[in-house]
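Colleague: Build me a model:
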Amino acid sequence: MDLESSQSLPHSPFTQPIQCIVKLGGAAITCKHDLEMINDDILRKVSQQLRQAMISPSQKPPGMDWSKRHGESQICCNPDEFRDDSIFHCTPFIVVHGAGSFGHFQASKSGVHKGQLDKPIVKGGFVATRISVTTLNLEIVRALAREGIPSIGMSPFSCGWFTKEKHISSGDLSSVTKAIESGFTPVLHGDAVFDEIQGCSILSGDVIISHLAAYSKPKYVVFLTDVHGVYDRPPTEPDAILLKEIGENLLQT
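Modeller: Just a heads-up that it's a prediction; the model follows:
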């Protein structure tokens, strides 16, 4: 991950401190061996834990998912629970999630990460990848909203983010900062975006976090994974070593 140097950054658009950026690992919240399958139990538990960490007082606020859930005939919500005198404070968090079993199949089959949008397969894969990852993003936003977290899905592509040789060349944070200032929790995700050199690319959640952290200076960055931590190589390899500390030299690799 290329951690951007604070000395080279322009003035930060963030007007208030961010308590935490949370990365929901795609392998943790989806069933990675089942195409486009969410791990509902894990996502529900994570959403509950985030609500407990973010919202004071500790009691659960009213749910904010006022849409019909799959398999149900009616919308389950009670707008009357929202009163003008209702008060709850939501600590400023940013949530970023990976794709897991969403998007990877479409991206790898079409070669979106290699660019060349003039090829029909790449253009089709670009569309298919974005459909898949935004579908997952919506379900995560809904899970958080059901816990009373005022979550807002934000796609890097739609926010006008661009890459150049796999690095963010333009990452407009105005929508993210406006959402936080308005009391919402932005939920971003890895996405297919335009690339200034090769036409298109895949922007990973880890690169998004590096960009966000460089500007927002959060107190914490927390990674939720399906393994014990960060390793020096893919944890599935037999000689993988669990790292106890991550230095700047590793972040720049």
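Colleague: Can you tell me which helix or strand of this structure has the lowest average pLDDT?
Modeller: helix 248-251 (a mean of 48; mean pLDDT, DSSP states H and E).
Colleague: Run through the bridge partners of the residue most central in space within the chain.
Modeller: Using C-alpha atoms, centre = their mean, the residue of the chain that lies closest to the mean C-alpha position is residue 96, 2.0 Å off. When bridges are called by DSSP bridges, residue 96 pairs up with residue 23, residue 188.
Colleague: residue contacts, it?
Modeller: 21-24, 187-189, 205, 208-209, 212 (C-beta atoms under 8 Å, 6 or more residues apart in numbering). In short, each C-beta sits where N, CA and C put it, glycine included.
Colleague: can you tell me the helix or strand for residue 222?
Modeller: strand 220-224 (DSSP states H and E).
Colleague: for that strand, packing partners?
Modeller: strand 20-24 (3 or more C-beta pairs under 8 Å, 6 or more residues apart in numbering; DSSP states H and E).
Colleague: List the contacts of the strand it packs on.
Modeller: 46, 50, 53, 91, 93-98, 140, 205-206, 209, 212-213, 216, 218-224.
Colleague: Return the members of these classed as buried.
Modeller: Among those, those buried by neighbour count (16 or more other C-beta atoms under 10 Å) are 46, 50, 93-98, 140, 205-206, 209, 212-213, 216, 218, 221, 223-224.
Colleague: what's the strand or helix carrying residue 142 packed up against?
Modeller: Using DSSP H and E, residue 142 maps to helix 120-146. Counting contacts by 3+ C-beta pairs under 8 Å, 6+ apart, helix 120-146 is packed against helix 40-54, strand 93-97, helix 104-110, strand 151-154, strand 185-189, strand 191-195, strand 199-203.
Colleague: and the helix or strand just after the longest one, what's its mean pLDDT?
Modeller: Towards the C-terminus, the helix or strand next in line after helix 40-54, according to DSSP H and E, is strand 55-56. On average, the pLDDT along strand 55-56 is 82.
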